[in-house]
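# Just a sequence and a predicted model for now, questions to come.
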Amino acid sequence: MAFTLRTDKELEKALTRLSKELGTSRQEVVRQAVLSMDEQVKRNAKFNAALEETLETWSELIERLANT
């Protein structure tokens, strides 16, 4: 599936530099960046869900410890 990616000078330079540095195509640089960001967002969501659950479970104890 294809789509058009509009770039500016800054992005063009970064894509070219990364492509050369990594020895891969500019398309692959974009692909890897998007997949990496997707993984980070999923990890953050899992962490936030776990943190929320932990805070709900232990909020009373945390409150008491904070007030001692």
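Yep, that arrived.
# Now do the helices in the protein.
Along the chain, the segments classed as helices by DSSP state H run 9-22, 26-66.
# Identify whichever of the ones you listed lies nearest to Ala2.
helix 26-66 (9.9 Å; CB to CB). For the C-beta atoms, the positions are set from N, CA and C on the backbone; glycine is no exception.
# okay, the angle between the closest one and helix 9-22?
100 degrees (axes from the mean of the first three to the mean of the last three CA atoms, to 10 degrees).
# and helix 26-66, what does it pack onto?
helix 9-22 (3 or more CB pairs under 8 Å, 6 or more residues apart in numbering; DSSP states H and E).
# Quick one: list the elements packing against the helix it packs on.
For helix 9-22, the helices and strands in contact under the criterion 3+ CB pairs under 8 Å, 6+ apart are helix 26-66.
# What residues sit buried inside stretch 53-63?
Buried residues in stretch 53-63, counting neighbours by 16 or more other CB atoms under 10 Å, are absent.
# Just the CA atoms of it, as PDB, please.
Extracted as PDB, the C-alpha positions of stretch 53-63 are listed here (Å, rounded to 0.1, in the frame of the first residue of the first chain):
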ATOM      1  CA  GLU A  53      -4.300  -0.300  38.500                       C
ATOM      2  CA  THR A  54      -1.500  -0.100  41.100                       C
ATOM      3  CA  LEU A  55      -2.600   3.300  42.300                       C
ATOM      4  CA  GLU A  56      -6.200   2.100  42.600                       C
ATOM      5  CA  THR A  57      -5.200  -0.900  44.600                       C
ATOM      6  CA  TRP A  58      -2.800   0.800  46.900                       C
ATOM      7  CA  SER A  59      -4.100   4.400  47.000                       C
ATOM      8  CA  GLU A  60      -5.300   4.100  50.600                       C
ATOM      9  CA  LEU A  61      -1.900   2.900  51.800                       C
ATOM     10  CA  ILE A  62       0.000   5.400  49.800                       C
ATOM     11  CA  GLU A  63      -2.200   8.200  51.300                       C
END
